[in-house]
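Enquirer: Predicted structure and sequence below. I'll ask about it afterward.
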Amino acid sequence: MSKLERTIQAIEPLNEVAMHEAQQRLDNLTKPPGSLGVLEDVVKKIAGIIGKAALPQSMEKVIILMAGDHGVVAEGVSAFPQEVTPQMILNFANGGAAINVLAKHAGARLYMVDVGVAVDLPDLPGLDKRKIAYGTKNMAQGPAMTMEEAIAALEVGIDVVNALIDKGASFVAMGEMGIGNTTPSAALLSVLEGLPIEEAVGRGTGVNDEGLRRKITAINKALDVNRPNSEQPLDALVKVGGLEIAGLAGVVLGAAARRVPVMVDGFISGAAALVAVKMAPLAKHYLIGSHLSVEPGHRKMLDAMELKPTLMMDMRLGEGTGAALGMLMVDAAVKILNEMATFDDAGVSRE
Ligand SMILES: Cc1cc2ncn([C@H]3O[C@H](COP(=O)(O)O)[C@@H](O)[C@H]3O)c2cc1C
Ligand SMILES: O=C(O)c1cccnc1
């Protein structure tokens, strides 16, 4: 059995006993039952994931930012040029990007992985060089990658997250950088959820109406040329996906197999999570929603995974920025369970 198959097979359902116990603890706290809404849902989910209702005082948080380039940029689908991908990686390494600020604010470490950037990168602090290919091919003309490349990229994600968990990570978030990557993300959403392309695309970095039409045309061409099978997520990933998207799908599968919660970010991370969930339906229980992206298809994507976005910040950046904020919400939820007094402790009447 391959590493990918072994990982998928190792994913188990959530621990119902732990969730029930967490619910009972929540109901003993000095508040009307259910009154902390999503915070309570998150507590139960974390308990079910880690398999116990006694939640740790703090979790070791890592944001895994996968980077890759996209041949489809030749179709004019992004408002920015491809060289921005490596330039932003230098910016991340220097601590100057939005994700550096928000990761620090959330107490999370940023772990960058080059799975498919189109140029060679220098050795940089915080960068793991695992390049599978120098970007994908233009999916409007043929498959974005080979099956071997897709599986190798998925396994990079599995390996990276396993190594981080071995070193103590107990809560991971998804992040990405790759100019053009909202186009394969929209293509995957359209294929895997049967959504009309027009409803799956958005403006990404901010393309104008013409740019939006070019995105729709590029995806139309890609679906025409490649005929991805909507019932086979791996086939869709090969034909209209991306290397960083594959890597992140691997992160989801690897984390779920180790019972570690995964914070989903925006539209691209969502597409990667969707691929993972289609490959291994039980993986969806290990995902926690963060924000609702401005990208119009994001809501449908989250609905498909039954994920509730809890932050409405009008953000559309990626990098893991929404996930970093989401991690703070999870910290708050865990503190509620660990630090609030019970009715008995506080001498508060129940009825
Ligand atoms: C300076 C800059 C920083 C970014 N950080 C994330 N993205 C985001 O924008 C890209 C996707 O949008 P599109 O499909 O329109 O190219 C990805 O790299 C995503 O991470 C950025 C984009 C830019 C320009
Ligand atoms: O939702 C996102 O993550 C997103 C949207 C636009 C561009 N980059 C990322």
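Expert: The structure has been received and is ready for your questions. Ligands and ions are numbered 1, 2, ... in the order given.
Enquirer: mind listing the strands for this protein?
Expert: All strands of the chain, identified by DSSP state E, fall at 61-68, 109-116, 127-129, 171-177, 262-263, 287-288.
Enquirer: and the last one, what does it pack onto?
Expert: Counting contacts by 3 or more CB pairs under 8 Å, 6 or more residues apart in numbering; DSSP states H and E, strand 287-288 is packed against strand 262-263. No exception for glycine: its C-beta is placed from N, CA and C like everyone else's.
Enquirer: Can you tell me the closest non-neighbouring residue to Pro233?
Expert: In space, and not counting its chain neighbours, Pro233 is closest to Lys278: 3.7 Å by CB to CB, 6 or more residues apart in numbering.
Enquirer: do you know how far the one you found is from Gly194?
Expert: 12 Å (CB to CB, to the nearest Å).
Enquirer: higher neighbour count, the two?
Expert: The neighbour comparison of Lys278 against Gly194 (other CB atoms under 10 Å) goes to Lys278, with 24 against 8.
Enquirer: tell me the pLDDT at the more buried one?
Expert: For Lys278, the pLDDT comes out at 98.
Enquirer: Check whether it really touches Ser230, as I assumed.
Expert: No. Taking contacts as CB atoms under 8 Å, Lys278 lies outside contact range of Ser230: 9.3 Å.
Enquirer: Between the two, which contacts overlap?
Expert: Counting by CB atoms under 8 Å, 6 or more residues apart in numbering, the common neighbours of Lys278 and Ser230 are Leu192.
Enquirer: Look up the pLDDT of Met1 for me, please.
Expert: 88.
Enquirer: and it, what does it touch?
Expert: By CB under 8 Å, 6+ apart, the contact set of Met1 is Gln9.
Enquirer: Find the nearest non-adjacent residue to the closest residue to ligand 2 within the chain, please.
Expert: As assessed by CB to the nearest ligand atom, ligand 2 sits closest to Gly266 within the chain, at 2.2 Å. Spatially, and ignoring its direct neighbours in sequence, Gly266 is nearest to Ser293 (3.9 Å; CB to CB, 6+ apart).
Enquirer: And Val156, by the same measure?
Expert: Distance criterion CB to CB, 6+ apart; nearest residue to Val156, sequence neighbours excluded, is Arg130 at 4.6 Å.
Enquirer: confidence score at the one you found?
Expert: pLDDT for Arg130: 98.
Enquirer: For it, give me its contacts.
Expert: Contacts of Arg130 (CB under 8 Å, 6+ apart): 113-115, 156, 159-160, 247.
Enquirer: 7 Å instead?
Expert: Contacts for Arg130 (CB atoms under 7 Å, 6 or more residues apart in numbering) come out as 113-115, 156.
Enquirer: same deal with Asn138?
Expert: With CB under 7 Å, 6+ apart, Asn138 has these contacts: 71-72, 74-75.
Enquirer: Report pLDDT for it.
Expert: 99.
Enquirer: how close does it sit to ligand 1?
Expert: For Asn138, the distance to ligand 1 equals 14 Å [CB to the nearest ligand atom, to the nearest Å].
Enquirer: number of nearby residues for Ala150?
Expert: When neighbours are counted by other CB under 10 Å, Ala150 comes out with 29.
Enquirer: ditto for Asn229
Expert: 13.
Enquirer: Using CSV, write out the CA atom coordinates for stretch 230-241.
Expert: Output in CSV follows, covering the C-alpha atoms of stretch 230-241 (Å, rounded to 0.1, in the frame of the first residue of the first chain):
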residue,chain,number,x,y,z
SER,A,230,-15.9,14.7,-11.1
GLU,A,231,-16.0,11.4,-9.3
GLN,A,232,-12.2,11.1,-9.0
PRO,A,233,-10.7,13.8,-7.0
LEU,A,234,-7.1,12.7,-7.9
ASP,A,235,-7.9,12.9,-11.6
ALA,A,236,-9.3,16.4,-11.1
LEU,A,237,-6.2,17.4,-9.1
VAL,A,238,-3.9,16.1,-11.8
LYS,A,239,-5.7,17.8,-14.6
VAL,A,240,-6.8,21.2,-13.2
GLY,A,241,-5.1,21.4,-9.8
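Enquirer: about what we covered before: just give me the neighbour total for the residue nearest to Gly266.
Expert: 27.
Enquirer: thinking it is in contact with Val264, fair?
Expert: No. The criterion here is CB atoms under 7 Å, and Ser293 misses it with Val264 at 10.4 Å.
Enquirer: can you pull the contacts of the closest residue to ligand 1 within the stretch 201-350 of the chain?
Expert: Minimum separation of the stretch 201-350 of the chain from ligand 1 (CB to the nearest ligand atom) falls at Gly204, amounting to 2.4 Å. By CB under 7 Å, 6+ apart, the residues touching Gly204 are 78-79, 182.
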